[in-house]
Structures are given as C-alpha cells and as structure tokens.
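In: just coords:
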Ligand code: SAH
Ligand code: SF4
Ligand code: F3S
C-alpha cells in the first residue's frame, strides 16, 4: 500500500469529467432523461460524499429521484461503524434484486466505508451478483469512469484497492441545501482507537489546502449560505500534514473573518487535541457557533487507555471546564460507548458520573460492536449481552432526564435561530447551539435568522413563538 497522499491532478479530473459528458451525450441521443437514486448511511462525511456522487450523476445527465423503484442508477453509500449498520445495508441491498427485476437496465452501485473492507467485498462478489459496481472512498473521484464501465461493459466493476488516500478538488457537487453546507476540511484518520474501523476504510489523515477551503466558504457565503459545518474525523489535527503553517484554530478564525451573516460549526473534535487556543478562538467570534461535539467514549481512565484515546478522565473534564468558563452558553454534545470489552460495573458507573458532572445537552449512545480487523474485536469480553443492554438503558434514562431538564431551562428565553424549513404546520429552526425549535410563522422567514421565545420543551426539541426578525 502506498503511504503518501495523492493529489488528483487537473488532467486526471478532466479525464473523469469527460466520462460524464460521454454518458450524458449517450442518454441525450436516446432522448431519455435517466433517473438516479442515492441512499446515504452513516455520518456527515458520507452525506458530503453523496453530494459529490449526485453532482457526478447530474453532470452525466441524471435527474435525482427519491426511490430505487424505477431508477436507472441506484447508489448505496454505506457505513461500517457498527454491525447493525452493515446488516441494514445488506438487507436493503437484497431487496434491490426485486427493483432491478422490475426495471430493465437498472444498475446498482455500492460505495462508502463498507466497500473498504475486504470481507465485505468478498461477500458482494459471491452473494450479491446484482450489484454492478463497487468502489471504496478512495475511488470516489473515479465514479464517472466506474459508471461508464458499468454502462458499456458486461463485467461487474470493482475499484477497491486500498491506499493511503487522495485529495480531489473540483469534483462536481450537488448540495442538498443552499442554506446550510458541509465543507470537508480533511479526510481519513490516524488515531486508530482500538474499536474503530474508520482508519482502515478511510485511510490516513490528510488536509485540504487552506486556500481551497477558504475559497469554497467564500463562494458559499456569497451564494446565500448561512451555516457552514466543517467536517473531519478529528478536525483538531487539521494542517499537521501540510507545508503551510496553520492549525485548526487559525483556519476557523480565517473563516469567521469572511464578511457576511453566517455561522460556522465543526465536527468532530478529538479531546486529546482540543486546545485552549481552540476554545479561546471559538469564544472570540460571534460567527463561530458555541457548540462543541466532544466525544468522551468512557468515563473510566482504564477503559480510555484500552481504547487508545490518549486522554484520561481528569484531562477531559479539565478541558470541558475551561471551554465552559470561556463560553458559558456552550452547547455540549458527545459520543459514548457502553460495554467496551472488559468494562466493569464500576467503570460503567464512572461513565454515568462523568455524564452527571458534564451535563451534556444530548448524547449519541452506542453499544460496543466488534469490527473485524480492529484490536478490540479480539479482546476478551466476558460481560453478557443482557448486562450491556441494561447498562445502556440506564445510561439513556440518565441522559434523557438531563436533556429534558436542560431543555426546560430554555423556557422563556429568547434565542436567535436560523429558520431552515417547515415540518407539518410549523417552521423549523436551529439555535446557535444546534437545538431544534418549532414555531408558527410565515414561510417567508425560511432562510432568515430570527428571534424565538421558547414556550415549551421536550427531551428532543423546543417550541416557541416568533419574536422579531433579526
Ligand atoms: N471521529 C469521531 C468519531 C467517528 S465514529 C471521534 O473520534 O470522535 C462515531 C462514533 O461511533 C464514535 O465516537 C464512537 O462512539 C462510535 N463507534 C465507533 N466505533 C464503534 C464500535 N466499534 N462500536 C460501537 N460504537 C462505535
Ligand atoms: Fe475512529 Fe478514533 Fe478516528 Fe474517531 S478518532 S474516527 S473514533 S479512530
Ligand atoms: Fe460510518 Fe464511515 Fe462515517 S464508517 S460513521 S460512514 S466515516
């Protein structure tokens, strides 16, 4: 395996775009507008990748549809983080044999993190013959070529060779929203937390040049975008692999300095690398959302060591205390794993006590899922499943009661929100901290910032009354 980042050249990109043109021309000659359906699983990285897949499909003449039924191309952009995620994909993939039978010529593609695992690729080769094309995240930029090969050849196409990873600028992109945008600032991960598959399927950490990121942000803001979320598995190590001397805090400050009315958020921050400089930078600009997703995974220092997280309970708590001291209004969220191999009842209690001490606004909770090829998959795991489930239920109950209390404390507060859509009869909006607020108001408010006074709260969301435009 090559260990260096490959930068895709303009000539390579042009070659790919030429495939799009050829495909579009062939459809045009037939006088048909073909339809494409892209289904996305997993995290925001995959959402961002799907926007590129849709961009490539649009450039190749496809119109997007929201069902696999009757689509000429179906793309499943998959997630490998837990077994459950993979089972769902295999189930839905199986069902596509029927849609394919009903629509002659339907071509089925599987990409994303599952396609980066040898075991999965083998299974697709032997048991899922109706899948026409498979490509891992490293090969996304070659999707035009893969699509062309599948449409013109008789053989199934697999672009799954492992590599350190590449950076491709300038791929077509079809964004889901003009109001909010994902901007990937880096790809891959070098952390190798012992439970996690991501470094194996997304390759080594590599940062985009700051000039490219800033140009993309400027263009988005000029086009009316009001909220940018910077993406990376560990945004705090941004820039370490670049020739330029820049870290994540510098990049954040430069983005916040762009003129315009917008907010910038980011995820995910690894607690090891989250620095005082980062928290001070966040506090210094009204354009940086006071929201932090800081996954702690476990409240036990012994478990954290076994997870290879490179911080302990106390350093984590110190960082949270500092962040809250400089940003009293900070909305804090996190990820936690229950039932890591060898987690004792006492160590689980430490996780609960950390949650009580920090009081997160909300948590993403997971039961440990062994992933083939990761060190934790072969660690001794004596805790019965029923016990893990019971721990999980206790943890969720605790977090729900905290979320409910925190939400209740919002009542009567006046919050500035970005109105982003409508759900049934009510407008939906997000506070600076990322909380969902529903309120009655005119459709013309969609796309604007306005103030809402909170009148009601549940565990998951807030309701309010429109105060004034702002
Ligand atoms: N890069 C991010 C996390 C990405 S994965 C970070 O380091 O914070 C999102 C979450 O999935 C992780 O934070 C972890 O809580 C969970 N996760 C990852 N692998 C898992 C596994 N094997 N079993 C259960 N949960 C897992
Ligand atoms: Fe996975 Fe750890 Fe990397 Fe996050 S930091 S993606 S949990 S290996
Ligand atoms: Fe899943 Fe890949 Fe994201 S494994 S969580 S889609 S990086």
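Out: Done, it's in. None of the values given here were measured: they were computed from a predicted structure. Ligands and ions are numbered 1, 2, ... in the order given.

In: Tell me the residues of the stretch 151-300 of the chain that contact ligand 3?
Out: Contact residues of the stretch 151-300 of the chain with respect to ligand 3, defined by Cβ under 6 Å from any ligand atom, are listed as 197, 198, 202. For glycine as for every other residue, the C-beta is placed from the backbone atoms N, C-alpha and C.

In: of all the residues you listed, which comes closest to residue 415?
Out: Using Cβ to Cβ, residue 198 comes nearest to residue 415 of those, at 34.0 Å.

In: which residue ranges form the helices in the protein?
Out: With DSSP state H, the ranges of helices along the chain come out as 10-30, 44-59, 83-102, 118-127, 143-152, 198-202, 210-222, 248-256, 276-284, 301-306, 313-326, 345-358, 385-408.

In: And the first one, what does it pack against?
Out: Helix 10-30 sits against helix 44-59, helix 143-152, with contacts defined as 3 or more Cβ pairs under 8 Å, 6 or more residues apart in numbering; DSSP states H and E.

In: Ok, which of those helices comes nearest residue 419?
Out: helix 44-59 (21.0 Å).

In: The helices of the chain into JSON lines, with extra columns for mean pLDDT, distance to ligand 1 and mean neighbour count?
Out: Conversion of the helices of the chain to JSON lines gives the following (pLDDT from 0 to 100; distance: least, Cβ to the nearest ligand atom, whole Å; neighbours: other Cβ atoms under 10 Å):
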{"stretch": "helix 10-30", "mean pLDDT": "97", "distance to ligand 1": "28", "mean neighbour count": "15"}
{"stretch": "helix 44-59", "mean pLDDT": "97", "distance to ligand 1": "9", "mean neighbour count": "21"}
{"stretch": "helix 83-102", "mean pLDDT": "96", "distance to ligand 1": "8", "mean neighbour count": "15"}
{"stretch": "helix 118-127", "mean pLDDT": "96", "distance to ligand 1": "15", "mean neighbour count": "14"}
{"stretch": "helix 143-152", "mean pLDDT": "98", "distance to ligand 1": "24", "mean neighbour count": "20"}
{"stretch": "helix 198-202", "mean pLDDT": "96", "distance to ligand 1": "6", "mean neighbour count": "21"}
{"stretch": "helix 210-222", "mean pLDDT": "96", "distance to ligand 1": "19", "mean neighbour count": "16"}
{"stretch": "helix 248-256", "mean pLDDT": "98", "distance to ligand 1": "14", "mean neighbour count": "21"}
{"stretch": "helix 276-284", "mean pLDDT": "97", "distance to ligand 1": "15", "mean neighbour count": "18"}
{"stretch": "helix 301-306", "mean pLDDT": "98", "distance to ligand 1": "12", "mean neighbour count": "19"}
{"stretch": "helix 313-326", "mean pLDDT": "98", "distance to ligand 1": "12", "mean neighbour count": "17"}
{"stretch": "helix 345-358", "mean pLDDT": "98", "distance to ligand 1": "12", "mean neighbour count": "17"}
{"stretch": "helix 385-408", "mean pLDDT": "96", "distance to ligand 1": "11", "mean neighbour count": "15"}
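
In: Serialize those helices to CSV and add fields for distance to residue 240.
Out: Converted to CSV, the helices of the chain look like this (distance: least, Cβ to Cβ, whole Å):
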stretch, distance to residue 240
helix 10-30, 26
helix 44-59, 19
helix 83-102, 29
helix 118-127, 29
helix 143-152, 29
helix 198-202, 15
helix 210-222, 13
helix 248-256, 10
helix 276-284, 14
helix 301-306, 22
helix 313-326, 19
helix 345-358, 28
helix 385-408, 33
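
In: which one of these lies closest to ligand 2?
Out: Each of the helices of the chain was scored for nearness to ligand 2 using Cβ to the nearest ligand atom, and the closest is helix 198-202 (3.6 Å).

In: give me the low-pLDDT residue ranges for the stretch 351-470 of the chain?
Out: 468-470 (pLDDT under 70).

In: close to ligand 2, is stretch 366-378?
Out: No - against ligand 2, stretch 366-378 shows no contacts by Cβ under 6 Å from any ligand atom, the least distance being 8.9 Å.

In: Who's the closest spatial neighbour of residue 363, skipping the chain neighbours?
Out: Closest residue in space to residue 363, ignoring its immediate chain neighbours: residue 399 at 4.8 Å, by Cβ to Cβ, 6 or more residues apart in numbering.

In: Contact partners for the one you found?
Out: Counting by Cβ atoms under 8 Å, 6 or more residues apart in numbering, residue 399 touches 355, 360, 362, 363, 365.

In: Nearest to residue 437 among these?
Out: Residue 437 lies nearest to residue 362 out of the contacts of residue 399, by Cβ to Cβ, at 14.4 Å.

In: I'd like to know how far the residue nearest the centre of the chain sits from residue 249.
Out: Among the residues of the chain, the smallest C-alpha distance to the mean C-alpha position (Cα atoms, centre = their mean) belongs to residue 44, namely 1.7 Å. Distance, residue 44 to residue 249, using Cβ to Cβ, to the nearest Å: 21 Å.

In: quick check: domain ranges of the chain?
Out: 6-166, 177-289, 291-408, 414-467 (automatic domain parsing).

In: Need the nearest residue in space to whichever residue of the stretch 201-350 of the chain sits closest to ligand 2, chain neighbours excluded.
Out: As assessed by Cβ to the nearest ligand atom, ligand 2 sits closest to residue 233 within the stretch 201-350 of the chain, at 4.0 Å. Beyond its immediate neighbours in the sequence, the residue positioned closest to residue 233 (Cβ to Cβ, 6+ apart) is residue 189, lying 4.0 Å away.

In: Touching, the one you found and residue 200? I think so.
Out: No - taking contact to mean Cβ atoms under 8 Å, the distance of 9.4 Å between residue 189 and residue 200 leaves them out of contact.

In: how near is the residue of the stretch 201-350 of the chain found nearest ligand 3 to residue 390?
Out: At 5.6 Å from ligand 3, residue 202 is the closest residue in the stretch 201-350 of the chain, using Cβ to the nearest ligand atom. The span separating residue 202 from residue 390 equals 33 Å under the rule Cβ to Cβ.

In: Could you do residue 198 as well?
Out: Residue 198 sits 28 Å away from residue 390, taking Cβ to Cβ as the criterion.

In: rewinding a little: of the helices of the chain, which is nearest residue 137?
Out: helix 198-202 (5.5 Å).

In: List the contacts of the residue lying closest to residue 216 once chain neighbours are set aside.
Out: For residue 216, ignoring the flanking residues on the chain, the nearest one in space by Cβ to Cβ, 6+ apart is residue 183 at 5.7 Å. For residue 183, the contacting residues are 48, 213, 216, 217, 220, 228, 229, 230, 231, taking Cβ under 8 Å, 6+ apart as the criterion.

In: Dump those residues to TSV, plus distance to residue 39.
Out: As requested, these are exported to TSV (distance: Cβ to Cβ, whole Å):
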residue	distance to residue 39
48	15
213	28
216	26
217	28
220	25
228	25
229	21
230	25
231	20
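
In: Over in the chain, which residue gets nearest ligand 3? Let me know.
Out: For the chain and ligand 3, the shortest gap (Cβ to the nearest ligand atom) falls at residue 42, measuring 2.7 Å.

In: how far away is the spatially closest residue to residue 392 that is not a sequence neighbour from residue 277?
Out: Counting by Cβ to Cβ, 6+ apart, residue 338 is the residue found nearest to residue 392 once chain neighbours are left out, at 4.7 Å. Taking Cβ to Cβ as the measure, residue 338 falls 33 Å from residue 277.
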